[in-house]
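>>> For reference, the sequence and a predicted model appear below.
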Amino acid sequence: MGRLFGTDGVRGIANKELTCELAFQLGKAGAYVLAEESKLTPRIVIGKDTRRSGDMLEKALIAGICSAGAEAICLGVISTPAVAYLTRKYKADAGVVISASHNPAEFNGIKFFDRHGYKLSDSLEERIEAIILENAEKLPNPVGCSVGCVTEIKEAKEDYISFLKNSVNTSFEGLKIALDCANGAAFETAPKVFCELGADVIVINNAPDGLNINGNCGSTHMEMLKSVVLENKCDLGFAFDGDADRVLAVDSDGNYVDGDKILGIIGLELKKQNKLPNNTIVATVMSNLGLDIMAKEYGLCLEKTKVGDRYVLEQMLKKGHMLGGEQSGHIVMLNFNTTGDGQLTALQLVQIIKNTGKTLKELASVMKVYPQVLKNAKVKNENKFRYMEDPEIAARCRELEKTFHGEGRVLIRPSGTEPLVRVMIEGKEHDYIARKAEELAKFIEQKLG
(Lines give C-alpha, C1' and ligand atoms only; values in the text may rest on other atoms or scores of the structure.)
Protein backbone atom coordinates (compact mmCIF):
# COMPACT_ATOMS: atom_id res chain seq x y z
CA MET A 1 0.00 0.00 0.00
CA GLY A 2 1.01 3.63 -0.35
CA ARG A 3 2.17 6.30 2.02
CA LEU A 4 -1.21 7.73 2.98
CA PHE A 5 -3.66 4.86 2.56
CA GLY A 6 -3.42 1.80 4.79
CA THR A 7 -5.50 -1.34 4.48
CA ASP A 8 -8.64 0.59 5.46
CA GLY A 9 -8.32 4.19 4.30
CA VAL A 10 -6.22 7.03 5.73
CA ARG A 11 -5.88 6.90 9.51
CA GLY A 12 -3.99 8.66 12.25
CA ILE A 13 -4.29 10.79 15.36
CA ALA A 14 -6.74 13.56 14.49
CA ASN A 15 -5.22 17.04 14.14
CA LYS A 16 -1.70 15.59 14.34
CA GLU A 17 -1.35 12.94 11.64
CA LEU A 18 -4.79 13.28 10.07
CA THR A 19 -4.98 17.08 9.84
CA CYS A 20 -7.64 19.38 8.43
CA GLU A 21 -5.22 20.25 5.63
CA LEU A 22 -4.93 16.59 4.68
CA ALA A 23 -8.70 16.12 4.93
CA PHE A 24 -9.18 19.06 2.54
CA GLN A 25 -6.68 17.56 0.09
CA LEU A 26 -8.32 14.13 0.30
CA GLY A 27 -11.72 15.70 -0.32
CA LYS A 28 -10.54 17.61 -3.36
CA ALA A 29 -8.41 14.85 -4.91
CA GLY A 30 -10.93 12.15 -4.04
CA ALA A 31 -13.83 14.10 -5.56
CA TYR A 32 -11.82 14.73 -8.72
CA VAL A 33 -10.70 11.11 -9.17
CA LEU A 34 -13.93 9.38 -8.15
CA ALA A 35 -16.40 11.67 -9.88
CA GLU A 36 -14.63 12.50 -13.13
CA GLU A 37 -16.92 10.16 -15.11
CA SER A 38 -20.02 12.07 -14.03
CA LYS A 39 -21.57 14.13 -16.79
CA LEU A 40 -23.40 16.32 -14.27
CA THR A 41 -22.30 17.80 -10.95
CA PRO A 42 -20.70 14.94 -9.02
CA ARG A 43 -22.52 13.97 -5.79
CA ILE A 44 -20.61 12.55 -2.80
CA VAL A 45 -22.30 11.30 0.38
CA ILE A 46 -20.49 11.70 3.71
CA GLY A 47 -21.04 9.87 6.99
CA LYS A 48 -19.13 9.89 10.26
CA ASP A 49 -18.96 8.18 13.63
CA THR A 50 -19.24 9.91 17.01
CA ARG A 51 -15.65 11.12 17.56
CA ARG A 52 -15.23 14.74 18.59
CA SER A 53 -12.78 15.28 15.74
CA GLY A 54 -15.37 14.12 13.21
CA ASP A 55 -17.04 17.53 12.91
CA MET A 56 -13.72 19.26 12.35
CA LEU A 57 -12.56 16.82 9.69
CA GLU A 58 -15.98 16.76 8.04
CA LYS A 59 -15.89 20.53 7.47
CA ALA A 60 -12.42 20.32 5.93
CA LEU A 61 -13.38 17.35 3.77
CA ILE A 62 -16.52 19.15 2.55
CA ALA A 63 -14.46 22.23 1.66
CA GLY A 64 -12.19 20.06 -0.46
CA ILE A 65 -15.11 18.33 -2.18
CA CYS A 66 -16.85 21.63 -2.98
CA SER A 67 -13.61 23.20 -4.21
CA ALA A 68 -13.48 20.42 -6.82
CA GLY A 69 -16.97 21.38 -8.01
CA ALA A 70 -18.76 18.42 -6.39
CA GLU A 71 -21.87 18.37 -4.21
CA ALA A 72 -21.27 17.19 -0.63
CA ILE A 73 -24.28 15.35 0.83
CA CYS A 74 -24.14 15.02 4.62
CA LEU A 75 -25.70 11.93 6.21
CA GLY A 76 -24.67 12.75 9.80
CA VAL A 77 -23.59 10.12 12.33
CA ILE A 78 -24.12 6.79 10.64
CA SER A 79 -22.28 3.48 10.21
CA THR A 80 -19.69 2.67 7.57
CA PRO A 81 -21.89 -0.01 5.90
CA ALA A 82 -24.78 2.46 5.87
CA VAL A 83 -22.67 4.83 3.78
CA ALA A 84 -21.82 1.99 1.38
CA TYR A 85 -25.51 1.14 1.01
CA LEU A 86 -26.76 4.74 0.77
CA THR A 87 -24.12 5.60 -1.85
CA ARG A 88 -25.92 3.13 -4.10
CA LYS A 89 -29.44 4.00 -2.99
CA TYR A 90 -28.97 7.73 -3.59
CA LYS A 91 -27.09 7.07 -6.86
CA ALA A 92 -24.13 9.11 -5.65
CA ASP A 93 -20.80 9.13 -7.45
CA ALA A 94 -18.89 8.22 -4.28
CA GLY A 95 -19.18 7.83 -0.52
CA VAL A 96 -16.85 8.91 2.27
CA VAL A 97 -16.73 7.76 5.90
CA ILE A 98 -14.96 9.69 8.64
CA SER A 99 -14.11 7.03 11.23
CA ALA A 100 -11.25 5.09 12.77
CA SER A 101 -13.40 1.99 13.32
CA HIS A 102 -12.43 0.15 16.54
CA ASN A 103 -9.54 2.51 17.44
CA PRO A 104 -9.57 4.92 20.44
CA ALA A 105 -11.25 8.34 20.26
CA GLU A 106 -8.11 10.35 19.53
CA PHE A 107 -7.71 8.55 16.20
CA ASN A 108 -9.77 9.19 13.11
CA GLY A 109 -9.78 8.16 9.50
CA ILE A 110 -11.14 8.89 6.04
CA LYS A 111 -12.30 6.04 3.85
CA PHE A 112 -13.76 6.20 0.33
CA PHE A 113 -16.31 4.06 -1.47
CA ASP A 114 -16.85 4.12 -5.22
CA ARG A 115 -20.32 4.59 -6.75
CA HIS A 116 -21.03 0.87 -6.36
CA GLY A 117 -20.31 0.94 -2.62
CA TYR A 118 -16.96 -0.87 -2.78
CA LYS A 119 -13.73 0.21 -1.12
CA LEU A 120 -11.26 1.71 -3.56
CA SER A 121 -8.78 -0.37 -5.49
CA ASP A 122 -5.06 0.06 -4.84
CA SER A 123 -4.66 1.86 -8.16
CA LEU A 124 -7.28 4.52 -7.33
CA GLU A 125 -5.81 5.07 -3.87
CA GLU A 126 -2.35 5.41 -5.40
CA ARG A 127 -3.66 7.96 -7.90
CA ILE A 128 -5.19 10.07 -5.11
CA GLU A 129 -1.92 9.83 -3.18
CA ALA A 130 0.12 10.90 -6.19
CA ILE A 131 -2.05 14.00 -6.62
CA ILE A 132 -1.64 14.97 -2.96
CA LEU A 133 2.01 14.07 -2.41
CA GLU A 134 3.53 14.66 -5.85
CA ASN A 135 1.16 17.09 -7.63
CA ALA A 136 0.89 14.38 -10.28
CA GLU A 137 -2.23 15.97 -11.82
CA LYS A 138 -3.35 19.57 -11.92
CA LEU A 139 -6.80 19.85 -10.39
CA PRO A 140 -9.34 22.41 -11.61
CA ASN A 141 -10.44 25.30 -9.41
CA PRO A 142 -14.02 26.01 -10.47
CA VAL A 143 -15.54 29.42 -9.74
CA GLY A 144 -18.98 30.99 -9.62
CA CYS A 145 -21.84 28.59 -10.26
CA SER A 146 -19.35 25.73 -10.77
CA VAL A 147 -18.30 25.70 -7.10
CA GLY A 148 -19.82 22.76 -5.25
CA CYS A 149 -22.61 23.01 -2.68
CA VAL A 150 -23.55 21.26 0.57
CA THR A 151 -26.85 19.47 1.20
CA GLU A 152 -28.17 17.18 3.92
CA ILE A 153 -30.35 14.09 3.83
CA LYS A 154 -32.21 13.99 7.14
CA GLU A 155 -33.90 10.66 6.45
CA ALA A 156 -30.62 8.77 5.92
CA LYS A 157 -30.88 6.81 9.18
CA GLU A 158 -34.50 5.86 8.49
CA ASP A 159 -33.62 4.73 4.97
CA TYR A 160 -30.87 2.52 6.38
CA ILE A 161 -33.14 1.15 9.11
CA SER A 162 -35.70 0.21 6.45
CA PHE A 163 -32.98 -1.62 4.54
CA LEU A 164 -31.97 -3.54 7.68
CA LYS A 165 -35.54 -4.48 8.59
CA ASN A 166 -36.25 -5.67 5.05
CA SER A 167 -33.27 -8.05 5.25
CA VAL A 168 -35.22 -10.35 7.60
CA ASN A 169 -38.67 -11.87 7.35
CA THR A 170 -39.52 -12.82 10.93
CA SER A 171 -40.49 -11.13 14.18
CA PHE A 172 -37.99 -11.08 17.04
CA GLU A 173 -40.74 -11.23 19.68
CA GLY A 174 -39.94 -13.47 22.62
CA LEU A 175 -36.20 -12.76 22.57
CA LYS A 176 -34.37 -10.60 25.09
CA ILE A 177 -31.30 -9.14 23.39
CA ALA A 178 -28.52 -6.96 24.83
CA LEU A 179 -26.78 -4.48 22.54
CA ASP A 180 -23.40 -2.80 23.17
CA CYS A 181 -23.23 0.12 20.74
CA ALA A 182 -19.63 1.07 21.66
CA ASN A 183 -20.76 4.71 21.99
CA GLY A 184 -20.33 4.73 18.24
CA ALA A 185 -22.17 4.99 14.95
CA ALA A 186 -24.81 2.35 15.78
CA PHE A 187 -26.00 4.06 18.98
CA GLU A 188 -29.32 5.16 17.45
CA THR A 189 -29.99 2.73 14.61
CA ALA A 190 -29.23 -0.61 16.33
CA PRO A 191 -31.61 -0.20 19.30
CA LYS A 192 -34.33 1.14 17.02
CA VAL A 193 -34.22 -1.65 14.46
CA PHE A 194 -34.18 -4.43 17.08
CA CYS A 195 -37.05 -2.81 19.00
CA GLU A 196 -39.11 -2.32 15.84
CA LEU A 197 -38.63 -6.01 15.00
CA GLY A 198 -40.18 -6.92 18.35
CA ALA A 199 -37.21 -7.85 20.54
CA ASP A 200 -36.99 -6.97 24.23
CA VAL A 201 -33.84 -4.84 24.05
CA ILE A 202 -31.35 -3.82 26.72
CA VAL A 203 -28.88 -1.21 25.44
CA ILE A 204 -25.51 -0.21 26.86
CA ASN A 205 -22.89 2.28 25.69
CA ASN A 206 -25.30 4.31 23.60
CA ALA A 207 -24.48 7.75 25.07
CA PRO A 208 -21.57 9.06 22.98
CA ASP A 209 -19.81 12.21 24.17
CA GLY A 210 -17.19 12.37 21.41
CA LEU A 211 -14.49 10.83 23.60
CA ASN A 212 -15.92 7.53 24.85
CA ILE A 213 -16.20 5.68 21.54
CA ASN A 214 -14.73 2.16 21.94
CA GLY A 215 -13.70 3.06 25.50
CA ASN A 216 -13.66 -0.28 27.35
CA CYS A 217 -16.76 -1.28 25.41
CA GLY A 218 -17.90 -2.65 22.08
CA SER A 219 -16.49 -5.59 20.16
CA THR A 220 -12.93 -5.08 21.45
CA HIS A 221 -14.01 -5.15 25.12
CA MET A 222 -16.75 -7.73 25.59
CA GLU A 223 -16.69 -8.05 29.39
CA MET A 224 -19.48 -5.52 30.05
CA LEU A 225 -21.80 -7.11 27.51
CA LYS A 226 -21.21 -10.54 29.03
CA SER A 227 -22.15 -9.23 32.49
CA VAL A 228 -25.31 -7.56 31.18
CA VAL A 229 -26.41 -10.73 29.37
CA LEU A 230 -25.94 -12.86 32.48
CA GLU A 231 -27.42 -10.37 34.96
CA ASN A 232 -30.54 -9.78 32.86
CA LYS A 233 -30.95 -13.37 31.71
CA CYS A 234 -30.79 -12.33 28.06
CA ASP A 235 -31.04 -14.85 25.25
CA LEU A 236 -27.98 -13.33 23.62
CA GLY A 237 -26.07 -10.09 23.17
CA PHE A 238 -24.26 -8.25 20.38
CA ALA A 239 -21.29 -5.87 20.52
CA PHE A 240 -20.51 -3.53 17.64
CA ASP A 241 -17.35 -1.51 17.04
CA GLY A 242 -17.15 2.25 16.56
CA ASP A 243 -18.29 2.34 12.94
CA ALA A 244 -20.48 -0.78 13.24
CA ASP A 245 -18.93 -2.75 10.41
CA ARG A 246 -18.12 -5.54 12.89
CA VAL A 247 -20.13 -7.52 15.41
CA LEU A 248 -19.36 -10.19 17.98
CA ALA A 249 -21.89 -12.06 20.10
CA VAL A 250 -22.41 -13.53 23.57
CA ASP A 251 -24.76 -16.46 24.20
CA SER A 252 -27.11 -16.84 27.20
CA ASP A 253 -24.36 -18.52 29.25
CA GLY A 254 -21.89 -15.73 28.60
CA ASN A 255 -19.83 -17.63 26.02
CA TYR A 256 -18.24 -15.51 23.32
CA VAL A 257 -19.23 -16.18 19.71
CA ASP A 258 -16.60 -14.78 17.38
CA GLY A 259 -16.58 -14.08 13.65
CA ASP A 260 -15.48 -17.60 12.75
CA LYS A 261 -18.46 -19.13 14.55
CA ILE A 262 -20.83 -16.55 13.07
CA LEU A 263 -19.51 -17.39 9.59
CA GLY A 264 -20.05 -21.07 10.26
CA ILE A 265 -23.61 -20.62 11.55
CA ILE A 266 -24.69 -18.42 8.64
CA GLY A 267 -22.86 -20.56 6.09
CA LEU A 268 -24.49 -23.79 7.25
CA GLU A 269 -27.96 -22.24 7.21
CA LEU A 270 -27.47 -20.83 3.71
CA LYS A 271 -26.17 -24.19 2.49
CA LYS A 272 -29.23 -25.90 3.95
CA GLN A 273 -31.44 -23.47 1.99
CA ASN A 274 -29.36 -23.91 -1.21
CA LYS A 275 -28.52 -20.20 -1.05
CA LEU A 276 -24.73 -20.42 -0.63
CA PRO A 277 -23.02 -20.05 -4.03
CA ASN A 278 -20.38 -22.72 -4.60
CA ASN A 279 -21.04 -23.96 -1.02
CA THR A 280 -18.09 -21.75 -0.15
CA ILE A 281 -17.11 -19.44 2.71
CA VAL A 282 -14.13 -17.10 2.39
CA ALA A 283 -12.05 -16.52 5.53
CA THR A 284 -8.49 -15.43 6.31
CA VAL A 285 -5.41 -17.42 7.25
CA MET A 286 -6.01 -16.37 10.88
CA SER A 287 -9.38 -18.11 11.09
CA ASN A 288 -9.51 -20.84 13.71
CA LEU A 289 -8.69 -24.40 12.73
CA GLY A 290 -12.08 -25.34 14.11
CA LEU A 291 -13.70 -23.58 11.16
CA ASP A 292 -11.71 -25.76 8.73
CA ILE A 293 -12.72 -28.94 10.56
CA MET A 294 -16.38 -27.90 10.78
CA ALA A 295 -16.46 -26.99 7.08
CA LYS A 296 -15.02 -30.36 6.09
CA GLU A 297 -17.46 -32.22 8.34
CA TYR A 298 -20.54 -30.45 6.92
CA GLY A 299 -19.52 -30.33 3.26
CA LEU A 300 -18.58 -26.67 3.05
CA CYS A 301 -15.63 -25.33 1.07
CA LEU A 302 -13.39 -22.87 2.87
CA GLU A 303 -11.09 -20.53 0.97
CA LYS A 304 -8.41 -18.51 2.78
CA THR A 305 -6.95 -15.07 2.04
CA LYS A 306 -4.41 -12.75 3.61
CA VAL A 307 -5.53 -10.94 6.77
CA GLY A 308 -7.79 -8.00 5.97
CA ASP A 309 -11.41 -7.69 4.89
CA ARG A 310 -10.40 -6.11 1.58
CA TYR A 311 -8.64 -9.36 0.61
CA VAL A 312 -11.67 -11.39 1.65
CA LEU A 313 -13.88 -9.19 -0.52
CA GLU A 314 -11.47 -9.40 -3.48
CA GLN A 315 -11.62 -13.21 -3.37
CA MET A 316 -15.41 -13.19 -3.10
CA LEU A 317 -15.80 -10.93 -6.13
CA LYS A 318 -13.19 -12.84 -8.12
CA LYS A 319 -14.75 -16.27 -7.52
CA GLY A 320 -18.44 -15.36 -7.26
CA HIS A 321 -18.77 -16.23 -3.57
CA MET A 322 -21.36 -14.54 -1.35
CA LEU A 323 -20.22 -15.06 2.26
CA GLY A 324 -16.89 -14.20 3.83
CA GLY A 325 -15.33 -12.58 6.84
CA GLU A 326 -12.85 -12.46 9.67
CA GLN A 327 -12.55 -13.77 13.21
CA SER A 328 -12.87 -10.14 14.38
CA GLY A 329 -16.54 -10.12 13.35
CA HIS A 330 -16.24 -8.36 10.01
CA ILE A 331 -18.75 -10.42 8.01
CA VAL A 332 -19.50 -9.66 4.34
CA MET A 333 -22.77 -10.89 2.79
CA LEU A 334 -22.76 -9.68 -0.79
CA ASN A 335 -26.43 -10.47 -1.36
CA PHE A 336 -27.14 -7.57 1.02
CA ASN A 337 -24.21 -5.13 1.16
CA THR A 338 -20.79 -4.48 -0.32
CA THR A 339 -18.87 -4.34 2.96
CA GLY A 340 -18.98 -5.83 6.43
CA ASP A 341 -22.15 -4.79 8.26
CA GLY A 342 -22.37 -5.53 11.98
CA GLN A 343 -26.06 -4.69 12.39
CA LEU A 344 -27.07 -6.68 9.30
CA THR A 345 -25.03 -9.69 10.46
CA ALA A 346 -26.65 -9.56 13.91
CA LEU A 347 -30.11 -9.52 12.33
CA GLN A 348 -29.31 -12.51 10.13
CA LEU A 349 -28.07 -14.44 13.14
CA VAL A 350 -31.25 -13.71 15.12
CA GLN A 351 -33.36 -14.74 12.13
CA ILE A 352 -31.59 -18.11 12.11
CA ILE A 353 -32.27 -18.48 15.84
CA LYS A 354 -35.96 -17.76 15.29
CA ASN A 355 -36.32 -19.97 12.22
CA THR A 356 -34.49 -22.98 13.65
CA GLY A 357 -35.80 -22.72 17.21
CA LYS A 358 -32.24 -23.26 18.45
CA THR A 359 -30.34 -21.10 20.92
CA LEU A 360 -27.16 -19.30 19.92
CA LYS A 361 -25.22 -21.70 22.15
CA GLU A 362 -26.67 -24.69 20.27
CA LEU A 363 -25.94 -23.14 16.88
CA ALA A 364 -22.37 -22.21 17.84
CA SER A 365 -21.63 -25.72 19.12
CA VAL A 366 -21.16 -26.98 15.55
CA MET A 367 -17.67 -25.49 15.69
CA LYS A 368 -15.04 -26.33 18.28
CA VAL A 369 -12.57 -23.51 18.88
CA TYR A 370 -8.99 -24.72 19.03
CA PRO A 371 -6.49 -22.87 21.25
CA GLN A 372 -4.36 -20.36 19.36
CA VAL A 373 -1.06 -18.98 20.61
CA LEU A 374 0.63 -16.01 18.94
CA LYS A 375 4.28 -15.13 19.55
CA ASN A 376 6.37 -12.40 17.93
CA ALA A 377 9.90 -13.05 16.72
CA LYS A 378 12.03 -9.89 16.55
CA VAL A 379 14.06 -9.90 13.33
CA LYS A 380 15.93 -7.46 11.13
CA ASN A 381 13.43 -5.59 9.02
CA GLU A 382 15.10 -6.66 5.80
CA ASN A 383 14.81 -10.30 6.90
CA LYS A 384 11.15 -10.44 7.86
CA PHE A 385 10.09 -11.90 4.50
CA ARG A 386 13.01 -14.36 4.29
CA TYR A 387 11.52 -16.98 6.60
CA MET A 388 9.91 -18.48 3.48
CA GLU A 389 13.35 -19.04 1.96
CA ASP A 390 15.05 -20.55 5.02
CA PRO A 391 15.08 -24.38 4.70
CA GLU A 392 15.68 -24.92 8.44
CA ILE A 393 12.67 -22.81 9.45
CA ALA A 394 10.52 -24.56 6.86
CA ALA A 395 11.69 -27.97 8.12
CA ARG A 396 10.89 -27.05 11.74
CA CYS A 397 7.36 -26.03 10.71
CA ARG A 398 6.78 -29.24 8.75
CA GLU A 399 8.02 -31.42 11.61
CA LEU A 400 5.77 -29.62 14.09
CA GLU A 401 2.69 -29.91 11.89
CA LYS A 402 3.30 -33.65 11.50
CA THR A 403 2.94 -34.06 15.26
CA PHE A 404 -0.58 -32.61 15.09
CA HIS A 405 -1.91 -35.33 12.75
CA GLY A 406 -4.29 -32.87 11.08
CA GLU A 407 -5.51 -31.40 14.37
CA GLY A 408 -3.17 -28.42 14.54
CA ARG A 409 -1.27 -26.05 12.32
CA VAL A 410 1.59 -23.57 12.19
CA LEU A 411 1.22 -20.18 10.55
CA ILE A 412 4.06 -17.69 10.12
CA ARG A 413 3.60 -14.24 8.65
CA PRO A 414 5.53 -10.94 8.67
CA SER A 415 4.19 -7.86 10.43
CA GLY A 416 3.05 -5.18 8.02
CA THR A 417 4.52 -2.33 10.06
CA GLU A 418 7.16 -3.68 12.46
CA PRO A 419 10.41 -5.73 12.22
CA LEU A 420 8.59 -8.83 13.46
CA VAL A 421 7.65 -12.27 12.24
CA ARG A 422 4.43 -13.48 13.86
CA VAL A 423 4.25 -17.15 14.84
CA MET A 424 0.78 -18.58 15.37
CA ILE A 425 0.25 -22.20 16.40
CA GLU A 426 -3.07 -23.97 16.90
CA GLY A 427 -3.70 -27.31 18.52
CA LYS A 428 -5.70 -29.21 21.10
CA GLU A 429 -3.44 -28.62 24.13
CA HIS A 430 -2.74 -24.99 25.02
CA ASP A 431 0.38 -25.60 27.13
CA TYR A 432 2.00 -27.72 24.42
CA ILE A 433 1.40 -25.25 21.59
CA ALA A 434 2.48 -22.31 23.80
CA ARG A 435 5.80 -24.02 24.45
CA LYS A 436 6.28 -24.88 20.78
CA ALA A 437 5.38 -21.33 19.66
CA GLU A 438 7.97 -19.90 22.06
CA GLU A 439 10.61 -22.34 20.78
CA LEU A 440 9.85 -21.59 17.12
CA ALA A 441 9.85 -17.81 17.68
CA LYS A 442 13.26 -18.00 19.38
CA PHE A 443 14.62 -20.14 16.54
CA ILE A 444 13.42 -17.59 13.96
CA GLU A 445 15.03 -14.78 15.96
CA GLN A 446 18.35 -16.69 15.98
CA LYS A 447 18.18 -17.23 12.23
CA LEU A 448 16.87 -13.84 11.08
CA GLY A 449 17.56 -11.43 13.95
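In hand now; what should we look at?
>>> Relative to its centre, which residue of the protein is most distant?
Distance to the chain centre peaks in the chain at Gly144, reaching 40.6 Å (criterion: C-alpha atoms, centre = their mean).
>>> if I pick that residue, what's in contact with it?
Applying C-beta atoms under 8 Å, 6 or more residues apart in numbering to Gly144 gives no contacts. The C-beta positions use only the backbone N, C-alpha and C, and glycine is treated the same way.
>>> can you give me the end-to-end distance of stretch 110-123?
Terminal residues of stretch 110-123 lie 17 Å apart, using C-alpha to C-alpha, to the nearest Å.
>>> Please list the residues outside that stretch that contact it.
1-2, 5, 8-10, 18, 23, 26, 30, 34, 57, 61, 80, 83-85, 87-88, 91-99, 124, 128, 310, 313, 337-339.
>>> Okay, and which of the residues you listed map to helices?
Using DSSP state H, the subset of these located in helices is 23, 26, 30, 34, 57, 61, 80, 83-85, 87-88, 124, 128, 310, 313.
>>> List just the nearest of the residues you listed to Asp253.
Of all the ones in helices among the contacts of stretch 110-123, Asp253 sits closest to Thr80, with 31.0 Å by C-beta to C-beta.
>>> Tell me if I'm right that that closest one and Arg246 touch.
No. Using C-beta atoms under 8 Å as the test, Thr80 is too far from Arg246 to be in contact (9.6 Å).
>>> three-state assignment of Phe172?
coil (DSSP: H, G, I helix; E, B strand; the rest coil).
>>> ok, now which ones touch the residue lying closest to it once chain neighbours are set aside?
Nearest residue to Phe172, sequence neighbours excluded (C-beta to C-beta, 6 or more residues apart in numbering): Ala199, at 3.9 Å. Ala199 makes contacts with Phe172, Glu173, Leu175, Lys176, Ile177, Val350, as judged by C-beta under 8 Å, 6+ apart.
>>> how close does Ala199 sit to Pro104?
Distance, Ala199 to Pro104, by C-beta to C-beta, to the nearest Å: 30 Å.
>>> what's the nearest residue to Cys20 if we skip its chain neighbours?
Ala60 (3.9 Å).
>>> Can you give me the neighbour number for that neighbour?
Ala60 has 21 neighbours, counted by other C-beta atoms under 10 Å.
>>> from memory it sits against Leu18, does it?
No. Using C-beta under 8 Å, Ala60 makes no contact with Leu18, being 9.9 Å away.
>>> residue nearest the centroid of this protein?
Looking at the chain with C-alpha atoms, centre = their mean, the centroid-closest residue comes out as His330, 4.1 Å off.
>>> Show the contacting residues for that one.
Contact analysis of His330 by C-beta under 8 Å, 6+ apart lists Asp245, Arg246, Gly259, Asp309, Val312, Gly340.
>>> What does the pLDDT read for it?
What the model reports as pLDDT for His330 is 96.
>>> Distance-wise, check the spatially closest residue to it that is not a sequence neighbour relative to Cys66.
Nearest residue to His330, sequence neighbours excluded (C-beta to C-beta, 6+ apart): Gly340, at 3.9 Å. With distances taken as C-beta to C-beta, Gly340 is found 30 Å from Cys66.
>>> So those two - more neighbours on which side?
Between Gly340 and Cys66, Gly340 has the larger neighbour count (other C-beta under 10 Å), namely 29 against 20.
>>> which parts of the lengthiest helix in the chain are buried?
Longest helix of the chain, by residue count under DSSP H: helix 430-448. Using 16 or more other C-beta atoms under 10 Å as the test for burial, helix 430-448 gives Tyr432, Ile433, Lys436, Ala437, Leu440, Ala441, Phe443, Ile444, Lys447, Leu448.
>>> Measure how far it is from the centre of its chain, please.
30 Å (C-alpha atoms, centre = their mean, to the nearest Å).
>>> elements contacting that helix?
strand 372-378, helix 391-404, strand 409-414, strand 420-426 (3 or more C-beta pairs under 8 Å, 6 or more residues apart in numbering; DSSP states H and E).
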